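Peer 1: need the 3D shape of this:
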Amino acid sequence: MNVRISGEFRPGVINAPSSKSFSQRYILYSAFSNIPVTLKNVSFSDDERIALEIARACGADIEFNDSLTIKPDFRCPDEINAGESGTSLRLVTGLLAARRCKTFIHEEASLLKRPLDDLIKTLSEKNVVFNNLGNGIMIDASNSIPSDSIIDGGRSSQFVSSMMMYHSLTSGSLKALNIVSNDYIKITIKTLNDFGISVYNSNGFFEFGKTLMKGNKICIEGDYSSAAFWIVLGLFKGDIEIKNLKSDSCQPDAAIINIINGISERKIDIYNNKIVVHKTGFLGDLYIDVAKNPDLAPPLSIIGIFSDIAVHILNYRRLEIKESNREENIISMARSFGALIEKNDNEMVIRRGKISLPERISFSDHRMIMSSIIAGLISSGDILYENIENISKSYPGFLNDLSNLGYYILK
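Peer 2: You can find the predicted model right below:
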């Protein structure tokens with residue numbers, strides 16, 4: 001679907017969608033641990049729906065009312081579909097191994113390119129057998145033998161989270177090396193705690209208690225990586241109140257508040273469960289490390305395109321292995337609006353050039369599509385945006401939320 005967006009900005013209120021980093025963990029762990037859970041504030045993004053379908057394939061009954069209730073009755077599935085969800089793929093790999101399943105995991109094209117090697121290496125040492133069949137992976141853990149583990153988390157903290165879930169359902173300890181984003185590990189620890197699992201962590205050495213007693217009613221907190229789009233728009237356009245954001249969140253992308261407040265003349269106001277963003281000038285260049293916050297790079301790059309400061313993206317090569325090659329796509333988006341790009345071994349710098357307005361923007365990556373829309377609204381350009389349906393991967397309500405800020409969609 002292709003759309004244009006019209007209207008003029010007006011101050012408004014946005015409810016941040018659910019953090020799928022939390023919701024996917026709760027859904028999958030409930031299904032594999034056989035512990036029921038009721039979740040409130042689930043936005044039903046594509047990634048969350050994939051996790052729910054995996055839970056169903058494992059025997060869970062799913063009820064939808066004003067909340068989402070999972071009633072598990074675990075059985076090993078013959079096959080599951082991870083779609084394009086890297087989080088579901090990596091977490092479910094460890095969980096299937098823990099339950100000694102023999103299962104084929106279907107993957108769609110973009111997911112086949114995402115790294116899984118370090119996780120496969122660690123599980124193979126436990127007699128888990130993997131076969132790549134072209135359109136997915138066959139995992140056979142029927143003869144697996146649990147033991148202590150060492151996992152390299154340098155490429156993805158999700159490898160560590162997967163093995164944490166594995167050991168919480170089996171036995172043994174876990175040593176994690178080179179953890180690149182410790183806050184995602186905190187999300188996994190909180191998930192396990194909410195299911196009654198105690199986690200001891202000493203500098204990446206993990207041991208697990210086996211309580212498995214809690215029945216849970218959990219409200220999923222709002223997602224800071226989705227809120228980032230509105231934060232950037234507000235910095236250029238005016239006041240936006242964003243609700244359902246915990247001030248003490250362990251989400252890595254909550255770092256956007258300190259990043260912005262460190263360089264802006266007018267600070268983001270922070271409350272217990274919401275923030276308010278104001279139009280502001282900037283005091284100095286912005287630095288974003290994608291080893292820690294890869295999902296913030298697309299929206300924050302917009303600041304370099306339209307302001308008088310530069311945006312420095314550190315460790316930018318890690319963007320190559322996201323849902324798309326976001327390094328190339330950020331450069332493409334920035335240049336389409338006239339920005340200047342500099343690169344060295346570890347840093348990409350985006351600076352404002354002579355502003356230009358593209359006639360159309362075409363990306364398949366959900367975060368690049370939303371970032372392009374925000375850039376287009378800041379530029380006030382008449383732009384055709386393609387592949388809008390892909391936004392539903394992470395933020396199905398994004399276009400509707402635009403109407404809260406004075407915009408409307410022309411199909």
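Peer 1: only C-alpha atoms from now on, for both contacts and neighbour counts.
Peer 2: Will do.
Peer 1: ok, now which ones touch A339?
Peer 2: G304, I305, I350, R351, R352, G353, K354, I355 (C-alpha atoms under 8 Å, 6 or more residues apart in numbering).
Peer 1: and those, which are buried?
Peer 2: Taking 16 or more other C-alpha atoms under 10 Å as the criterion, what is buried in these is G304, I305, I350, R351, R352, G353.
Peer 1: surely the last one and S307 touch.
Peer 2: By that I understand G353. No. Proximity of G353 to S307 does not meet the contact threshold set by C-alpha atoms under 8 Å, at 9.8 Å.
Peer 1: pretty sure P358 sits in a strand.
Peer 2: No. Under DSSP: H, G, I helix; E, B strand; the rest coil, P358 falls outside any strand and is assigned coil.
Peer 1: and the closest residue to it other than its chain neighbours, how far from R360?
Peer 2: Closest residue to P358 apart from its sequence neighbours, by C-alpha to C-alpha, 6 or more residues apart in numbering: S336 at 5.8 Å. Using C-alpha to C-alpha, to the nearest Å, S336 is found at 9 Å from R360.
Peer 1: then Q24?
Peer 2: From Q24 to R360 the distance is 34 Å (C-alpha to C-alpha).
Peer 1: what about the helices in this protein?
Peer 2: Along the chain, the stretches classed as helices by DSSP state H are 20-33, 46-57, 86-98, 109-112, 117-124, 157-169, 182-194, 224-237, 255-261, 297-306, 326-336, 366-379, 398-402.
Peer 1: would TSV of those with distance to I313 and mean pLDDT be doable?
Peer 2: Formatted as TSV, the helices of the chain follow (distance: least, C-alpha to C-alpha, whole Å; pLDDT from 0 to 100):
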stretch	distance to I313	mean pLDDT
helix 20-33	23	97
helix 46-57	26	97
helix 86-98	23	97
helix 109-112	23	72
helix 117-124	26	96
helix 157-169	20	97
helix 182-194	19	95
helix 224-237	16	98
helix 255-261	13	98
helix 297-306	7	98
helix 326-336	10	96
helix 366-379	16	97
helix 398-402	25	97
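Peer 1: got a markdown table for the ones you listed, with distance to Y271 too?
Peer 2: Below are the helices of the chain laid out as a markdown table (distance: least, C-alpha to C-alpha, whole Å):
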| stretch | distance to Y271 |
| --- | --- |
| helix 20-33 | 21 |
| helix 46-57 | 28 |
| helix 86-98 | 30 |
| helix 109-112 | 37 |
| helix 117-124 | 39 |
| helix 157-169 | 29 |
| helix 182-194 | 21 |
| helix 224-237 | 14 |
| helix 255-261 | 12 |
| helix 297-306 | 22 |
| helix 326-336 | 32 |
| helix 366-379 | 25 |
| helix 398-402 | 21 |
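Peer 1: right, and the ones you listed - which one's nearest K279?
Peer 2: If you check each of the helices of the chain against K279 by C-alpha to C-alpha, helix 224-237 wins as the nearest, at 4.3 Å.
Peer 1: which neighbouring elements make contact with the closest one?
Peer 2: strand 240-243, strand 274-277, helix 297-306, helix 366-379 (3 or more C-alpha pairs under 8 Å, 6 or more residues apart in numbering; DSSP states H and E).
Peer 1: can I get the CA coordinates of that helix in CSV?
Peer 2: Listed next in CSV are the C-alpha coordinates belonging to helix 224-237 (Å, rounded to 0.1, in the frame of the first residue of the first chain):
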residue,chain,number,x,y,z
TYR,A,224,10.7,3.5,23.8
SER,A,225,11.9,2.5,20.3
SER,A,226,8.4,3.2,18.9
ALA,A,227,8.1,6.4,21.0
ALA,A,228,11.4,7.6,19.4
PHE,A,229,9.5,8.6,16.2
TRP,A,230,7.2,10.9,18.1
ILE,A,231,10.1,12.3,20.2
VAL,A,232,12.0,13.3,17.1
LEU,A,233,8.9,14.9,15.5
GLY,A,234,8.2,16.8,18.7
LEU,A,235,11.7,18.2,18.8
PHE,A,236,11.0,19.9,15.4
LYS,A,237,7.3,20.6,15.5
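Peer 1: figure out how far it is from the centre of its chain.
Peer 2: Mean-position distance between helix 224-237 and its chain equals 16 Å (C-alpha atoms, centre = their mean, to the nearest Å).
Peer 1: and the angle from that helix to helix 297-306?
Peer 2: Angle of helix 224-237 versus helix 297-306, following axes from the mean of the first three to the mean of the last three C-alpha atoms, to 10 degrees, is 10 degrees.
Peer 1: now helix 224-237 against helix 366-379, angle please.
Peer 2: Inter-element angle recorded for helix 224-237 and helix 366-379: 10 degrees (by the same axes, to 10 degrees).
Peer 1: what does helix 224-237 contact?
Peer 2: 9, 16-17, 19, 240, 242, 245, 251, 253-254, 256, 277-281, 295-296, 299-300, 302-303, 370-371, 374, 377-378, 394-395.
Peer 1: for ChimeraX, what selects the buried ones among those?
Peer 2: Only the buried entries of the contacts of helix 224-237 go into this ChimeraX selection, using 16+ other C-alpha under 10 Å:
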select :9,16,17,19,240,242,245,251,253,254,256,277,278,279,280,295,296,299,300,302,303,370,371,374,377,378,394,395
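Peer 1: from the contacts of A339, which is closest to A109?
Peer 2: Once C-alpha to C-alpha is applied, the member of these that ends up nearest A109 is I350, at 30.0 Å.
Peer 1: the closest one and P294, how far apart?
Peer 2: 16 Å.
Peer 1: re earlier: what is the burial count for the residue nearest to P358?
Peer 2: Look at S336: counted by other C-alpha atoms under 10 Å, it has 18 neighbours.
Peer 1: do the one 5 residues further on as well
Peer 2: The tally of other residues near I341 (other C-alpha under 10 Å) stands at 20.
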